[in-house]
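Trainee: Pasting the sequence and the predicted coordinates here, then a few questions.
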Amino acid sequence: MPISVQIGGEDYLRFLPEIVLSIFGIAITLMEALASPQKKRPSGALALVGIAIAFAANLWAYTDGGVAFQNMIIIDGYGTFFRALVLVVGVLCILPSMSYLDREGAQKGEYYALILFSLVGQCILATANDLIMVFIGLEISSIATYILAGFLRDDRRNNESALKYFLLGSFATAFLLYGIAWIYGLVGSTNLEEIRRILSQSAPVSPIAGLAAALMFVGFGFKVSVAPFQIWAPDVYQGAPAPVSAFLSAGPKAAAFAIFFRVFMISFRPINEHWIWLVWGCALATMIIGNFGALVQTNVKRLLGYSSIAHAGYVLIALTASSQVGVAAAMFYLASYALMNIGAFIVVSHIAARNERYVKIEDLAGLSRREPATAALLAVFVFSLIGVPLTGGFFAKFYVFQAALNSHLVWLTVLGLINSAIAAYYYLKIVVAIYMHEPGTATTELPPPSTGVRVAIWASALGTLFLGIFPGTLLSFVSYSATALR
């Protein structure tokens with residue numbers, strides 16, 4: 001008997017941001033292929049226009065929220081927030097990429113098309129309500145980022161970065177897919193809410209459900225770089241082009257955390273007591289590995305790679321809290337982290353020069369004398385990463401630890417605070433270099449930043465300060481949106 005599938009206009013409306021991004025990505029690819037090689041193509045500007053339209057479409061879709069495509073996509077405040085976040089990340093990474101690619105002699109439209117296609121996958125992840133859509137979104141995002149990591153084909157560091165990312169990423173995806181197969185075999189459905197309903201009615205819970213959750217945890221754990229699946233992050237961040245490293249540290253990570261929370265807080269909530277201690281241990285191990293690994297780094301990109309591991313540990317604390325307050329805290333944290341980390345990577349990209357020759361902490365020496373404004377903004381990002389008051393990073397950590405205390409996770413909170421204090425040491429090495437050391441070759445030869453770099457750095461800094469001074473504006477929305485995961 002044929003299956004009747006009805007798709008109406010509201011389905012396309014709720015999926016409109018992904019459609020817009022796909023159209024612009026295809027258009028940029030065709031323009032690159034058909035235009036004369038001598039003609040300069042406005043691919044970066046076209047990508048920004050596409051993201052702006054997709055952002056407006058995201059807000060429009062939210063006004064008519066609901067499910068789409070036979071309940072495989074759900075448009076709620078939670079998904080809308082993460083859609084908006086990854087689109088903002090896309091804009092902030094494209095702006096400095098235009099001057100970066102010019103400097104490296106690699107200005108190609110495929111770069112911007114790949115970012116748009118990666119954003120398509122991330123938006124699908126943010127709104128997925130079915131494990132099949134989770135897998136599709138994850139693969140669309142991942143394949144594009146594998147290529148982006150090795151975009152400079154003549155650079156051996158890029159090649160190594162892309163190869164490591166691809167091989168380890170494929171391995172982790174296999175675990176995720178195997179977990180999806182196990183849970184489908186157990187409950188006969190891939191819909192997140194249906195899985196929860198069937199598991200909640202099962203007494204006792206089958207060990208297969210726990211096995212499926214563990215396998216899927218491996219897949220998600222790799223994507224968000226939590227221990228013991230974090231080994232790829234420092235190498236990939238160091239080897240990839242700096243704007244791509246910024247993109248990887250914020251966009252795909254935010255989208256992966258979005259579906260990580262949705263799957264475990266909805267589908268696997270009935271077996272909460274079986275996986276919560278696994279997350280507790282991974283959160284602690286992630287913070288320790290990230291912070292202690294960063295202590296000995298001299299390469300700023302690699303340091304930020306270990307830093308991103310530590311911050312993933314802080315977000316896992318919110319998942320361990322397993323509450324709506326924890327979900328809201330994680331959403332606020334990921335927004336703050338995206339702004340401050342992208343800002344730091346953009347400054348590093350600006351200073352690095354051609355072939356990224358200057359990416360060590362010592363290369364930042366004397367930046368305050370050459371470019372006082374850039375140095376001050378980098379200091380803002382660093383202080384926010386530490387968690388200094390009046391920055392977004394302060395309230396991000398505050399809300400995460402508050403959620404943990406509300407769930408009586410006292411020891412995890414104490415150990416998290418200790419890790420935050422340890423992190424201050426390696427972050428402050430950057431501030432010391434830019435303000436207290438004599439200028440070196442990197443800063444004395446530093447050209448003025450391009451318009452795109454200036455806009456991206458200032459936008460990231462203003463966003464970081466806004467979330468630190470007026471956190472209530474975003475917090476009220478994420479608190480409301482977190483109810484979607486109850």
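Mentor: Cool, got the structure.
Trainee: Would you list the phi and psi of residue 213?
Mentor: Taking degrees, to the nearest 10, you get phi -60, psi -40 for the backbone angles of residue 213.
Trainee: What segments of the stretch 201-350 of the chain are strands?
Mentor: Using DSSP state E, counting those that start in this stretch, no strands are found in the stretch 201-350 of the chain.
Trainee: Below-threshold pLDDT in it: ranges please.
Mentor: Within the stretch 201-350 of the chain, the ranges that satisfy pLDDT under 70 run 203.
Trainee: which residues in it form helices?
Mentor: Using DSSP state H, counting those that start in this stretch, the helices of the stretch 201-350 of the chain run over 207-223, 232-239, 242-262, 272-295, 300-321, 324-352.
Trainee: starting at the chain centroid, how far to the second one?
Mentor: Using C-alpha atoms, centre = their mean, to the nearest Å, the distance from the centre of helix 232-239 to the centre of the chain it belongs to is 15 Å.
Trainee: which helices and strands sit right next to it?
Mentor: When contacts are defined as 3 or more C-beta pairs under 8 Å, 6 or more residues apart in numbering; DSSP states H and E, helix 232-239 sits against helix 156-187, helix 242-262, helix 300-321. C-betas here are computed from N, CA, C, even on glycine.
Trainee: between the helices of the stretch 201-350 of the chain, which gets nearest to residue 163?
Mentor: Distance to residue 163, taken as C-beta to C-beta, is lowest for helix 232-239 among the helices of the stretch 201-350 of the chain, at 9.4 Å.
Trainee: What angle do helix 272-295 and the closest one make with each other?
Mentor: Counting by axes from the mean of the first three to the mean of the last three C-alpha atoms, to 10 degrees, helix 232-239 points 40 degrees away from the direction of helix 272-295.
Trainee: Output stretch 76-93 as CSV, nothing but the C-alphas.
Mentor: Extracted in CSV, the C-alpha atoms of stretch 76-93 (Å, rounded to 0.1, in the frame of the first residue of the first chain):
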residue,chain,number,x,y,z
ASP,A,76,10.5,26.3,18.2
GLY,A,77,12.4,29.0,20.2
TYR,A,78,15.3,26.5,20.9
GLY,A,79,15.9,25.7,17.2
THR,A,80,15.4,29.3,16.2
PHE,A,81,18.0,30.5,18.6
PHE,A,82,20.6,28.0,17.4
ARG,A,83,19.8,28.8,13.7
ALA,A,84,20.3,32.5,14.4
LEU,A,85,23.6,31.8,16.3
VAL,A,86,25.2,29.7,13.5
LEU,A,87,24.1,32.3,10.9
VAL,A,88,25.8,35.1,13.0
VAL,A,89,28.9,32.9,13.2
GLY,A,90,28.9,32.5,9.4
VAL,A,91,28.8,36.3,9.0
LEU,A,92,31.6,36.9,11.5
CYS,A,93,33.8,34.3,9.8
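Trainee: Identify the residues contacting stretch 425-441?
Mentor: 291, 294-295, 297, 300, 303, 307, 358, 361-370, 375, 378-379, 382-383, 385-386 (C-beta atoms under 8 Å, 6 or more residues apart in numbering).
Trainee: and it, which residues are buried?
Mentor: By 16 or more other C-beta atoms under 10 Å, the buried positions in stretch 425-441 come out as 426-427, 429-431, 433-435, 437, 439-440.
Trainee: Of the helices and strands packed on helix 232-239, which is nearest residue 56?
Mentor: Evaluated with C-beta to C-beta, these place helix 242-262 nearest to residue 56, the distance being 18.8 Å.
Trainee: Measure how that closest one sits relative to helix 300-321, angle-wise.
Mentor: Angle of helix 242-262 versus helix 300-321, following the same axes, to 10 degrees, is 10 degrees.
Trainee: follow-up on the earlier one: now which of the contacts of stretch 425-441 would you call buried?
Mentor: For these, a burial check counting by 16+ other C-beta under 10 Å picks out 291, 294, 297, 300, 303, 307, 358, 361, 363-368, 370, 375, 378-379, 382-383, 385-386.
Trainee: The nearest residue to residue 283 once chain neighbours are set aside: neighbour count?
Mentor: Nearest residue to residue 283, sequence neighbours excluded (C-beta to C-beta, 6 or more residues apart in numbering): residue 316, at 3.7 Å. When counting by other C-beta atoms under 10 Å, one arrives at 29 neighbours for residue 316.
Trainee: what does the one 10 residues further on give?
Mentor: For residue 326, the number of neighbouring residues by other C-beta under 10 Å comes to 27.
Trainee: Please apply the same query to residue 355.
Mentor: When neighbours are counted by other C-beta under 10 Å, residue 355 registers 12.
Trainee: and if you look at residue 357?
Mentor: Applying other C-beta under 10 Å, we find 12 residues neighbouring residue 357.
Trainee: For it, give me its contacts.
Mentor: Residues in contact with residue 357 (C-beta under 8 Å, 6+ apart) are residue 442.
Trainee: That one and residue 103: what is the separation?
Mentor: Residue 357 sits at a distance of 11 Å from residue 103 (criterion: C-beta to C-beta, to the nearest Å).
Trainee: Same check on residue 137?
Mentor: 33 Å.
Trainee: So which of the two has more stuff around it?
Mentor: Shown here are residue 137 and residue 103; by other C-beta under 10 Å, residue 137 has more neighbours (25 against 18).
Trainee: Tell me where the stretch 351-486 of the chain has helices.
Mentor: 367-370, 372-386, 392-406, 410-436, 441-444, 451-469, 471-481.
Trainee: I'd say residue 303 and residue 296 touch.
Mentor: No. Contact criterion C-beta atoms under 8 Å: residue 303 and residue 296 do not qualify, at 9.3 Å.
Trainee: re earlier: do you know which of the helices and strands packed on helix 232-239 lies nearest residue 466?
Mentor: Closest of those to residue 466 is helix 242-262, at 17.0 Å (criterion: C-beta to C-beta).
Trainee: Output stretch 98-106 as PDB - backbone C-alpha positions only.
Mentor: C-alpha atoms of stretch 98-106 as PDB (Å, rounded to 0.1, in the frame of the first residue of the first chain):
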ATOM      1  CA  MET A  98      37.700  37.900   2.200                       C
ATOM      2  CA  SER A  99      41.000  39.700   3.100                       C
ATOM      3  CA  TYR A 100      42.500  36.500   4.400                       C
ATOM      4  CA  LEU A 101      42.000  34.700   1.000                       C
ATOM      5  CA  ASP A 102      43.300  37.700  -0.900                       C
ATOM      6  CA  ARG A 103      46.400  37.600   1.200                       C
ATOM      7  CA  GLU A 104      46.900  33.900   0.700                       C
ATOM      8  CA  GLY A 105      46.200  34.100  -3.100                       C
ATOM      9  CA  ALA A 106      43.300  31.700  -2.700                       C
END
